[in-house]
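Undergrad: Dropping a prediction and its sequence here:
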Amino acid sequence: MTKCFNKGFLVLCLLVLFGITSIAIPYELSLSPFFSTPFDVVKESPKIYTRHIVRVNDTGFTPEVLTISRGATIEWRNERKKLPFLLLGVREIVSMKSSVVNPKESFIWTFENNGTFTYVDGVILGQSGKVIVE
């Protein structure tokens with residue numbers, strides 16, 4: 001006797017029966033045994049993005065120099081007690097401009113290109129940092 005239904009088909013029938021129209025179904029429970037051509041399911045390898053933290057305090061940026069991979073994200077966290085910061089990219093990354101970031105708030109930027117990028121604080125002059133993207 002052959003098996004007419006698999007778990008995925010049964011789950012799909014129950015979802016339709018109860019009116020649920022949008023749900024993520026694990027691949028193991030999918031209808032892949034019914035549709036087995038190589039073009040039905042395309043599995044992409046997951047992209048892994050890394051987030052780094054730079055702390056902004058009254059003495060500057062910690063770490064002051066950070067080396068990351070292309071595609072990584074940096075989160076600048078304002079750990080100052082009272083003052084905000086305003087992050088401004090210099091030269092090659094002049095497009096990076098945060099709004100005013102108050103204490104306990106953050107600014108996030110993803111680096112898509114290789115290079116060495118310098119940024120400064122527009123509130124406390126003289127504070128700068130560097131990101132090296134490899």
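TA: Received the coordinates, thanks. No experiment lies behind these values; they were computed from the predicted model shown.
Undergrad: Which stretches in the protein count as strands?
TA: Shown for the chain, the strands assigned by DSSP state E span residues 51-57, 60-62, 65-68, 73-78, 87-90, 106-110, 115-121, 128-133.
Undergrad: what would the ones you listed look like in CSV with mean neighbour count?
TA: (Glycine included, C-beta is placed from N, CA and C.) As requested, those are exported to CSV (neighbours: other Cβ atoms under 10 Å):
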stretch, mean neighbour count
strand 51-57, 16
strand 60-62, 17
strand 65-68, 15
strand 73-78, 19
strand 87-90, 18
strand 106-110, 15
strand 115-121, 18
strand 128-133, 18
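Undergrad: Reformat those into JSON lines and put distance to Met96 and mean pLDDT next to each item.
TA: Shown next, in JSON lines, are the strands of the chain (distance: least, Cβ to Cβ, whole Å; pLDDT from 0 to 100):
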{"stretch": "strand 51-57", "distance to Met96": "13", "mean pLDDT": "95"}
{"stretch": "strand 60-62", "distance to Met96": "14", "mean pLDDT": "97"}
{"stretch": "strand 65-68", "distance to Met96": "14", "mean pLDDT": "97"}
{"stretch": "strand 73-78", "distance to Met96": "10", "mean pLDDT": "97"}
{"stretch": "strand 87-90", "distance to Met96": "3", "mean pLDDT": "97"}
{"stretch": "strand 106-110", "distance to Met96": "6", "mean pLDDT": "96"}
{"stretch": "strand 115-121", "distance to Met96": "6", "mean pLDDT": "97"}
{"stretch": "strand 128-133", "distance to Met96": "10", "mean pLDDT": "98"}
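Undergrad: can you tell which of the ones you listed is closest to Ser99?
TA: strand 106-110 (7.8 Å; Cβ to Cβ).
Undergrad: Tabulate the strands of the chain in JSON lines, adding columns for distance to Ser98.
TA: Listed next are these as JSON lines, based on distance: least, Cβ to Cβ, whole Å:
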{"stretch": "strand 51-57", "distance to Ser98": "10"}
{"stretch": "strand 60-62", "distance to Ser98": "13"}
{"stretch": "strand 65-68", "distance to Ser98": "16"}
{"stretch": "strand 73-78", "distance to Ser98": "7"}
{"stretch": "strand 87-90", "distance to Ser98": "4"}
{"stretch": "strand 106-110", "distance to Ser98": "4"}
{"stretch": "strand 115-121", "distance to Ser98": "9"}
{"stretch": "strand 128-133", "distance to Ser98": "13"}
